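Colleague: The following block contains a protein sequence and its predicted model.
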Amino acid sequence: MFLATIGAIAIAQEELEALVNRLVERGEMAEKDGKKLVQEMMDKRKSKTTKLEDELGKNVESVLNRMNIPSKADVEALSQDIAALSKKVDGLKKP
């Protein structure tokens, strides 16, 4: 779903650029104004894409949590604990 949304946004951006180019060619819009409009739309798209990525990450994390699947942070914390315990065991083995 996320990739489909990004694809739709990319297509919309291309269509906007084509529309602005046609308006500039017809003299209905100044080139400077057209570039400014396209840039504003690209900035909005980037902002919305970032927001969608954040929301998707939270949703995935929530689903994994409900399924009782450990997150990357959980696995890394366990790895650090195992490494610390291994050092302690190695220290106890040495006379």
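Modeller: Received the coordinates, thanks.

Colleague: The closest residue in space to Leu37 that isn't next to it in sequence: which element?
Modeller: The spatial neighbour of Leu37 that comes closest, neighbours along the chain excluded (C-beta to C-beta, 6 or more residues apart in numbering), is Val20 at 5.9 Å. Yep, even glycine has a C-beta here, placed from its N, CA and C like the rest. Using DSSP states H and E, Val20 maps to helix 2-26.

Colleague: Mind listing what's buried along the helix or strand following that helix?
Modeller: With elements assigned by DSSP H and E, the helix or strand that comes after helix 2-26 is helix 31-66. Residues of helix 31-66 classed as buried by neighbour count (16 or more other C-beta atoms under 10 Å): Gly34, Leu37, Val38, Met41, Arg45.

Colleague: Which of the residues you listed sits closest to Lys51?
Modeller: The shortest gap between Lys51 and any of these belongs to Arg45, at 10.7 Å (C-beta to C-beta).

Colleague: shaky segments in the chain?
Modeller: In the predicted model, the chain carries pLDDT under 70 at residues 1-11.
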